[in-house]
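Participant: turn this into a model:
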Amino acid sequence: PGRRMFLRFGGILRESWIFVNGEEVGVRNHGILPSEHDITAVLREGRNELAVYVTDYRRDERGKTFVPTGADQMSHQKGIWQDVHLCERPDVYIDDVTIRTSVRADELAVSMRIANASATARTVAGRFDVVERDAHHLSFACPPITVAPGTTQDVDVSRAWHSYQAWSHRTPQLYTLVSSLYGDAAFLDERRDRFGFREIWGDGHRIMLNGSPIHLFGEWCHKFSFDSFRPEYVRQWYRMLKDCNMNYIRTHTYPHPSILLDLADEMGILVCVEAAWHFGGSFALDKEELWQNGLQHVRDIIRRDKNHPSVVLWSVGN
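Facilitator: As a prediction, the model looks like this:
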């Protein structure tokens, strides 16, 4: 009672239908990015059965797809290709957190989305702590808000911070934001997001990182084997880039698994995250459904990757 259960797939190529105990709990028409499905209503005590039906992309009369498909590894695979998690949350929970940092204003801004999956309105309050291993750097809170049943509500709060160490490709300093949710003074939910304090902006033809122009020297992720997603491979690849005085990668033709960004955050590699648009001859460009799916695709990319300090550019496509 008072809890919700979710299935989270890191990616299922290509179109997929998810069933739990014979009941359809979700459909995903784009398999490169994560999808999440509330399965609370169909769970039962004891043994539960999970089935995932996978097929090729739906196509129009000319064989063109209605979603951006990516290329390279995405062109040769079908099936579950990233991790799957079973997540338990309270019926009022933290659905999303967006972190914005400004070195020009010395300010940390947080937007927290609260979801209320219960049948009644709930009054909750949030608390935020910035930590680094055993060190505690900052605490602040947001006033109570009331969230209507079956809805989400965003809470925006900011705090001045002057003693941070800025993240860059030369000094990849990372912190963790611990977001906590309380209702009636009782703890409800917690989420941890790693981030770096840095700011990117344009100044004429220059890209500025924390007030200094950066020059991007790097390589694209034009690889055809899933071995290139192993942490050992990525670490060695990044070391080789550093040995060559390079500082940058582009996730060629689709948003790559999060492990590449996690390690880029840690090792100081600048990243351009590219959407799964490539060329265009294989897409149903004359169908409105493609453009709506493309818009959702970009929103999903930003939701997944927005808090990575290594991400300095977004690419609409190849």
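
Participant: so which strand or helix has the closest residue to residue 227 other than its chain neighbours?
Facilitator: With sequence-adjacent residues excluded and distances taken as Cβ to Cβ, 6 or more residues apart in numbering, residue 227 is closest to residue 233, at 5.9 Å. Backbone N, C-alpha and C define where each C-beta goes, glycine included. Secondary structure from DSSP states H and E places residue 233 in helix 231-243.

Participant: residue 262 now?
Facilitator: Here residue 262 sits within helix 258-267, counting by DSSP H and E.

Participant: regarding the protein, what is its longest strand?
Facilitator: Looking across the chain with DSSP state E, the single longest strand is strand 135-147.

Participant: helices or strands next to it in the packing?
Facilitator: Applying 3 or more Cβ pairs under 8 Å, 6 or more residues apart in numbering; DSSP states H and E, we find strand 135-147 packed against strand 107-116, strand 122-132, strand 151-160.

Participant: buried residues, the last one. List them.
Facilitator: If I follow you right, that is strand 151-160. Under the neighbour-count criterion of 16 or more other Cβ atoms under 10 Å, strand 151-160 has residue 155 buried.

Participant: packing partners of that strand?
Facilitator: Where contact means 3+ Cβ pairs under 8 Å, 6+ apart, strand 151-160 is packed against strand 107-116, strand 122-132, strand 135-147.

Participant: give me the sheet partners of the longest one and which way each runs.
Facilitator: The reference is to strand 135-147. Here strand 135-147 is paired, per DSSP bridges, with strand 122-132 (antiparallel).

Participant: pull out the buried residues from the strand it pairs with.
Facilitator: If you call a residue buried by 16+ other Cβ under 10 Å, then strand 122-132 has these buried ones: 122, 124, 125, 126, 128, 129, 130.

Participant: out of those, which one sits closest to residue 291?
Facilitator: Proximity of the buried residues of strand 122-132 to residue 291 (Cβ to Cβ) peaks at residue 126, which lies at 35.9 Å.

Participant: what segments of the stretch 1-150 of the chain are strands?
Facilitator: Using DSSP state E, counting those that start in this stretch, the strands of the stretch 1-150 of the chain run over residues 3-9, 12-13, 15-20, 23-28, 35-38, 50-55, 79-80, 84-90, 92-102, 107-116, 122-132, 135-147.

Participant: correction: the previous question concerned the stretch 201-318 of the chain.
Facilitator: Secondary structure of the stretch 201-318 of the chain by DSSP E, counting those that start in this stretch: the strands cover 206-209, 212-214, 218-220, 248-250, 270-277, 311-317.
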